[in-house]
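Trainee: Dropping a prediction and its sequence here:
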Amino acid sequence: MFDTRQIRKDFPILDRVIDGKPLVYLDSGATSQKPRQVMEALTQYYEQYNANIHRGIHTLSEEATEAFEGVREKVRLFIDAAESREVIFTRNTTEAVNLVAYSWGRQHVLAGDEIVITPMEHHSNFVPWQQLAKEREAKLVFLPLTDDGQIDLPAAAKLITKKTKLVAITQMSNVLGTIVPVNQIAKMAHAVGAVILVDGAQGVPHIPTSVRELECDFLAFSFHKMLGPTGVGVLWGREALLEAMPPFLTGGDMISSVSREKTSWNELPWKFEAGTPNIADVIASGAALDYLNKLGMDSVRKHEIELTEHALKGFAKLGNAVVYGPKDATKRGGVISFNFSDVHPHDLGQILNEKGIAIRAGHHCCQPLMKDLKVSGTARASFYIYNTTEEIDILVEALREAEKVFGHVACR
């Protein structure tokens, strides 16, 4: 049973007091908080079996290797992949996307080809393709959005053509909250022979995710947004594509043999994991997956829909709040980006911090989208498993008080 009050007991940071006010953490879109179970897994590794992996034949190394590779299998199951060898550990989503841009992109994208993205992409899924397009004299094509921040699918069907080599698209917008119909976009891409990469940094932590159902070719995401430590990302790719790709980095552990004259590469997935990996944090990330699996991702999604519906209703009662993205909570994730009265988002973030409320303020690594919205930035509240409707009420009430301070009408 999904019991938020019981869940909160696993997160010691939620007991913090900021300026005399209980912490209301509404910035999980940037990074989630970590439960005790994750921290305990990290400590246990360092206290009980700290050793390098794959190379050693002693007990500690064997235990560390088994725990590390066990997480790879947990990831496979979590995203419904066919083979654990398709799961590659990286530092973060950004590195995972860059791996594809350098290794696959520089093999396949040629002059005159087109790379299709959207204006709501995080810079991590924007800049690598922008730079690749410049380098290869390819064209960057943007799928237009509807007024409520969803992809214009009829327009997408016209813009994804035989010139399209790659479609790179978010699973869920970190600004608008828009949940993208990836499966439909994937069918359009595959119909013209293109490959599709999905940025799952915001989606995988919040939505039940199956790479088979998405029909994507690559999926990238990070553990720090899904209860795990920082410094661990994942790239999943179709085995045939990964097999044909050259290594992204070269050096230790990603080799099969080395001579003075030549080097041969290790097999998947280790071909793409050069050097000593982030062993401890990968193992702790396995504890994060265990935690989410115990809750059930369907329950996680249901909880966030309830929080989002409650938030949208609360914001609707504020007289000077502009909320961006879909109006239907079932079509968006637990992210509410907004501008409020004439208050700059940074000023608003500071005011809320004085009340113990942590939100995000700025362009959220989505400057092209901000330009389209004709704003310099937004304030953003983002929710996760440990948030409650009472915390959202605290946010709305704090905004109402802030509105009074700035001399505006409090509500309709």
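Mentor: Looks like it arrived, so ask away.

Trainee: Setting aside sequence neighbours, what's the nearest residue to R301?
Mentor: Among residues not flanking R301 along the chain, I207 sits closest, at 5.7 Å (C-beta to C-beta, 6 or more residues apart in numbering). Placement of C-beta: from N, CA and C, glycine included.

Trainee: Which helix or strand contains that neighbour?
Mentor: Following DSSP states H and E, there is no helix or strand that holds I207.

Trainee: what about it, neighbour count?
Mentor: When neighbours are counted by other C-beta atoms under 10 Å, I207 registers 17.

Trainee: That one touches G333, doesn't it?
Mentor: Yes: with contact defined as C-beta atoms under 8 Å, I207 reaches G333; the gap is 7.1 Å.

Trainee: who touches both of the two?
Mentor: Shared contacts of I207 and G333 (C-beta atoms under 8 Å, 6 or more residues apart in numbering): M172, I179.

Trainee: three-state assignment of A381?
Mentor: Per DSSP: H, G, I helix; E, B strand; the rest coil, the secondary structure class of A381 is strand.

Trainee: go on, F89?
Mentor: Looking at F89 with three-state DSSP, the answer is strand.

Trainee: per-residue confidence at it?
Mentor: Listed pLDDT for F89 reads 98.

Trainee: separation between it and T118?
Mentor: 27 Å (C-beta to C-beta, to the nearest Å).

Trainee: and if you look at G112?
Mentor: In this view, G112 and T118 are 22 Å apart by C-beta to C-beta.

Trainee: which one of the two has more residues nearby?
Mentor: Neighbours per residue, other C-beta under 10 Å: of G112 and T118, the larger number sits with T118, 25 against 11.

Trainee: ok, that one - contacts?
Mentor: Counting by C-beta under 8 Å, 6+ apart, T118 has contacts F142, L143, L145, I151, I169, T170, V180.

Trainee: repeat for L235
Mentor: Contacts of L235 by C-beta under 8 Å, 6+ apart are V87, I88, T90, A96, L99, V100, F218, L219, A220, F272.

Trainee: quick one: which of those residues is nearest to I394?
Mentor: The nearest member of these to I394, counting by C-beta to C-beta, is A220 at 34.1 Å.

Trainee: which other residues reach the host helix or strand of L242?
Mentor: Assigned by DSSP H and E, L242 belongs to helix 239-244. Residues from elsewhere that reach helix 239-244, judged by C-beta under 8 Å, 6+ apart: 82-83, 85-86, 88, 104, 107, 195, 217-218, 268-269, 271-272.

Trainee: Using neighbour counts, trim those to the buried set.
Mentor: R85, E86, I88, W104, V195, D217, F218, L268, P269, K271, F272 (16 or more other C-beta atoms under 10 Å).

Trainee: right, and out of the residues you listed, which lies closest to M254?
Mentor: For the buried ones among the contacts of helix 239-244, the nearest to M254 is K271 (5.4 Å; C-beta to C-beta).

Trainee: how close does the closest one sit to R85?
Mentor: Per C-beta to C-beta, K271 is found 10 Å from R85.

Trainee: before we move on, what about G252?
Mentor: 19 Å.

Trainee: Could you do C216 as well?
Mentor: For C216 relative to R85 (C-beta to C-beta), the value is 17 Å.

Trainee: List the contacts of G231.
Mentor: Here G231 is in contact with R91, N92, H224, N278, D281 (C-beta under 8 Å, 6+ apart).

Trainee: could you redo the last one with a cut-off of 6 Å?
Mentor: Each residue near G231 by C-beta atoms under 6 Å, 6 or more residues apart in numbering is listed here: R91, N278, D281.

Trainee: Ok, N339 next?
Mentor: N339 neighbours (C-beta under 6 Å, 6+ apart): V322, T378.

Trainee: Would you confirm that it belongs to a helix?
Mentor: No: residue state for N339 (three-state DSSP) corresponds to strand; a helix is not indicated.
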